[in-house]
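Chemist: give me a model of this one.
(one chain, ligands or ions: 1)
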Amino acid sequence: MTEPVLEVRELHIAFGALKATDGVSLTLRAGEIHALIGPNGAGKSTLIGLIAGSLSPDAGQVRMNGQDVTGQDVAARARAGLARSFQVSAVAPDLTVLQNVVLAVQGARGGSYRFLRRALSDRSLTETATAQIDRVGLAPCRAIPAGDLAHGQRRRLELAMALAQRPRAFVLDEPMAGMGPDGAREMTVLLDDLRHEAPILLVEHDMDAVFRLADRISVLVAGRIIASGTVDQIRADDQVQTAYLGEERLP
Ligand SMILES: Nc1ncnc2c1ncn2[C@@H]1O[C@H](COP(=O)(O)OP(=O)(O)OP(=O)(O)O)[C@@H](O)[C@H]1O
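Modeler: Numbering: from 1, shown residues only. Okay, the predicted model is just below:
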């Protein structure tokens, strides 16, 4: 089998006596959406922080494309192709959609962020940016300041900016949060398409979206993965039903 795009091995981190990540291992393979679910406080954000590099583990490894990146910071992992949205956002509200994405493309090519006017006159930058904007369905909004976008449009902008980095893997933190049913459905369609660009580790509370999108689901409870499998396997898992939702049933 080919090397996973992203792999974590036996990650541990404790905050005082609390083991927030307690021996977590998982993989993300080309073309797949791997959903990470779990109740509030299970350790999902902590695990994402460890994967993205904003937290350092007490033990264990994070690997990208077969390389150990555990010692690398957030910027180095981003340069290696890890695109993390949405809790960390670099959107400039006063700049238009196009300007924001042009800057993201320029940044990904190693250019300076300071010379916006020069960047906007560079056709290769604007053409690449325009293609990403079209890809996420924001073409009608190209000239609108990012600060004026509706919530769902802003999420699309963030994805266009992530795409500009030519990601090898997406780590998406609650992309459906704050969206109405229509917005969530549209985002589901978009993510289903983006998985072909780069595989997606998806942290999401919207179970309809998770069950529609995920090839695999891992269930995190109290810092440990208690089950990992296909949608059908997770739905049928009594331990998951009990530990994850208590009295409620997964849909
Ligand atoms: N910096 C920190 N210092 C101390 N405790 C922390 C810290 N960060 C997280 N925790 C604790 O670690 C546990 C896991 O938190 P985390 O935010 O990772 O969970 P989560 O699954 O993302 O929750 P939610 O779904 O509510 O966002 C919680 O008990 C939380 O209070």
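
Chemist: C-alpha from now on. contacts and neighbour counts both.
Modeler: Will do.

Chemist: who's the closest residue to residue 215 other than its chain neighbours bridged to?
Modeler: Nearest non-adjacent residue to residue 215, counting by CA to CA, 6 or more residues apart in numbering: residue 33, 5.5 Å away. Beta-bridge pairing of residue 33 under DSSP bridges involves residue 200.

Chemist: how is this protein divided into domains?
Modeler: Split into domains by automatic domain parsing, the chain comes to 1-81+167-251, 94-166.

Chemist: does residue 143 count as helix, strand or coil?
Modeler: Look at residue 143: counting by DSSP: H, G, I helix; E, B strand; the rest coil, its state is coil.

Chemist: which residues touch it?
Modeler: 96, 97, 98 (CA atoms under 8 Å, 6 or more residues apart in numbering).

Chemist: so which of the residues you listed is the most crowded?
Modeler: Tallying neighbours with other CA atoms under 10 Å puts residue 97 at the head of those, with 32 neighbours.

Chemist: so what does it look like in phi/psi?
Modeler: Per-residue torsions, residue 97: phi -60, psi -50 (degrees, to the nearest 10).

Chemist: that one against residue 146, yeah?
Modeler: Yes - at 5.5 Å, residue 97 and residue 146 qualify as touching, with contact defined as CA atoms under 8 Å.

Chemist: and the helix or strand bottoming out on mean pLDDT in the chain, which residues are buried?
Modeler: Lowest on mean pLDDT, DSSP states H and E among the helices and strands of the chain sits helix 116-120, with a mean of 73. Residues of helix 116-120 classed as buried: 116, 119, 120 (neighbour count, 16 or more other CA atoms under 10 Å).

Chemist: closest one of the residues you listed to the ligand?
Modeler: Using CA to the nearest ligand atom, residue 116 comes nearest to the ligand of these, at 35.5 Å.

Chemist: contacts only, for that closest one.
Modeler: Neighbour list for residue 116: 99, 103 [criterion: CA under 8 Å, 6+ apart].

Chemist: just residue 4 next, same as before
Modeler: By CA under 8 Å, 6+ apart, the contact set of residue 4 is 27, 28, 29, 30, 64, 65, 66.

Chemist: nearest spatial neighbour of residue 53, skipping sequence neighbours?
Modeler: Nearest to residue 53 is residue 74, by CA to CA, 6+ apart, at 4.6 Å.

Chemist: that neighbour reaches residue 54, doesn't it?
Modeler: Yes - between residue 74 and residue 54 a contact is recorded at 5.9 Å, counting by CA under 8 Å.

Chemist: ok, the two, which is more surrounded?
Modeler: Each of residue 74 and residue 54 has its neighbours counted (other CA under 10 Å); residue 74 has more, 19 against 14.

Chemist: ok, the closest residue in space to residue 5 that isn't next to it in sequence to residue 28 distance?
Modeler: Using CA to CA, 6+ apart and skipping residues adjacent in sequence, the residue nearest residue 5 is residue 65, 4.7 Å away. Distance, residue 65 to residue 28, by CA to CA, to the nearest Å: 10 Å.

Chemist: give me the common contacts of those two.
Modeler: 4, 5, 6.

Chemist: name the SS class of the first one, please.
Modeler: Classification of residue 4 by three-state DSSP places it in coil.

Chemist: that one and the ligand: what is the separation?
Modeler: Noted for residue 4: a distance of 24 Å to the ligand, by CA to the nearest ligand atom, to the nearest Å.

Chemist: do the second one as well
Modeler: Taken as CA to the nearest ligand atom, the spacing of residue 5 relative to the ligand amounts to 23 Å.

Chemist: isn't that residue up against residue 170?
Modeler: No - at 10.2 Å, residue 5 does not count as touching residue 170 under the criterion of CA under 8 Å.
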